[in-house]
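1. sharing a model that was predicted from the sequence below.
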Amino acid sequence: MKSAWERFEPNGWREYSLIDSGNGRKLERWGEVVTIRPEITAIWSPGLSDKEWHQLANAEFVQDGSRSGKWTRFKKCPDHWQISYPSSKGKLTFNLRFTQFKHIGVFPEQAANWEFIIDQVQRFPNPRVLNLFAYTGGASLAARAAGAEVTHVDSIRAVIDWTRENMESSRLTDIRWVVEDALRFVQREAKRGNTYHGVIMDPPSWGISPGKGKKKWKLEDQLVELIESTAEIVEKEYFLILNTYSGLANSTLETLIKTSFPPSNTACGDLILHSGSMRKLATGSCLRSWK
């Protein structure tokens, strides 16, 4: 089985672009709206001047010392708008909005995984795909567009509702919604004997599940248990995507997969956004495994 190091970079976006990055920020275009957001890995000097950034931007997110913050508007722009990604199985549409946690509704670098998901789904006659920590569901939309039976798991009801909007805007139907802690759900699926051809997971560095029985999540403490539990619910032939924004080394992720899953093809690397200023911005790590 092969193993490879890669840069995972989306190349299909028409309505999103990374215009520039540097000095701990990134300048991005989302359709008609241009934003400035913090980006800790952009440690270089930007290609454009600060004046040019603010001439282009509609709004900038300013953190308040915690993980939250507020948006400062420079120009008139909508509170809600849409952008679309032209996948090989149809247009995936995302409803965007400004949030207090700097995110606006889609991680654009994840488009590098969507065509991989579509290709993998088409290997199976009746594919079942599980998307964990699924946020607003780009991976769920891609898998469903390719014909998979999709289970979308997130612990926050409002995020599930947001994903439902994206499904409907993308003219898709019948994604299964589950509001639950991801690890708890996987362990219950193993007890029920349910299996999947594809599993996609994007676990956060830390978090607390909402509602009754609040459960703390810390990636370094629980990732091993999550991987081992996931290995119990995949078919003999499967695909897996593991994304992290935690700083864990790609070799660590690869070792976790290889010690829990049967021998398989693996590809590890950085999730990359590439700006017109020739700066390559690594936003996170990604591991793909398939058999």
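-> Looks like it arrived, so ask away.
2. so where's the stretch 51-200 of the chain shaky on pLDDT?
-> The model of the stretch 51-200 of the chain has pLDDT under 70 over residues 65-67.
3. the strands in it, which residues?
-> All strands of the stretch 51-200 of the chain, identified by DSSP state E, counting those that start in this stretch, fall at 59-63, 69-73, 80-87, 90-97, 128-132, 149-154, 176-179, 196-201.
4. by contact count, what packs against the last one?
-> With contacts taken as 3 or more C-beta pairs under 8 Å, 6 or more residues apart in numbering; DSSP states H and E, strand 196-201 sits against helix 111-121, strand 128-132, helix 138-145, helix 219-231, strand 234-244. Where C-beta positions appear, they are placed from N, C-alpha and C, glycine not excepted.
5. mind redoing it with 7 Å?
-> Helices and strands touching strand 196-201, by 3 or more C-beta pairs under 7 Å, 6 or more residues apart in numbering; DSSP states H and E, are helix 111-121, strand 128-132, strand 234-244.
6. kindly report the same for the fourth one.
-> Where contact means 3+ C-beta pairs under 7 Å, 6+ apart, strand 90-97 is packed against strand 80-87, helix 138-145, helix 157-169.
7. got JSON lines for the ones you listed, with distance to N126 and mean neighbour count too?
-> Output for the helices and strands packed on strand 90-97, formatted as JSON lines (distance: least, C-beta to C-beta, whole Å; neighbours: other C-beta atoms under 10 Å):
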{"stretch": "strand 80-87", "distance to N126": "21", "mean neighbour count": "17"}
{"stretch": "helix 138-145", "distance to N126": "13", "mean neighbour count": "28"}
{"stretch": "helix 157-169", "distance to N126": "20", "mean neighbour count": "17"}
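8. kindly reformat those as a markdown table containing distance to V129.
-> Output for the helices and strands packed on strand 90-97, formatted as a markdown table (distance: least, C-beta to C-beta, whole Å):
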| stretch | distance to V129 |
| --- | --- |
| strand 80-87 | 15 |
| helix 138-145 | 4 |
| helix 157-169 | 14 |
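9. let me know which of the helices and strands packed on strand 196-201 is tucked in deepest.
-> strand 128-132 (a mean of 27; mean count of other C-beta atoms under 10 Å).
10. pretty sure F261 contacts I233?
-> No - assessed by C-beta atoms under 7 Å, F261 is found out of contact with I233, at 11.5 Å.
11. in terms of neighbours, single out the busier of these two.
-> The neighbour comparison of F261 against I233 (other C-beta atoms under 10 Å) goes to I233, with 22 against 18.
12. what residue of the protein is the furthest out?
-> K51 (31.3 Å; C-alpha atoms, centre = their mean).
13. distance check, that one against A57.
-> Counting by C-beta to C-beta, to the nearest Å, the gap from K51 to A57 is 11 Å.
14. cool, and G284?
-> For G284, the distance to A57 - C-beta to C-beta - is 24 Å.
15. who has more neighbours, those two?
-> Between G284 and A57, counted using other C-beta under 10 Å, the more crowded position is A57 (22 against 19).
16. for that one, what are its contacts?
-> L27, V34, T35, I36, F74 (C-beta atoms under 7 Å, 6 or more residues apart in numbering).
17. 10 Å instead, please
-> 19, 27-29, 33-37, 72-75, 77 (C-beta atoms under 10 Å, 6 or more residues apart in numbering).
18. what's it sitting at in phi/psi?
-> Backbone torsions for A57, taken as degrees, to the nearest 10, come to phi -80, psi 140.
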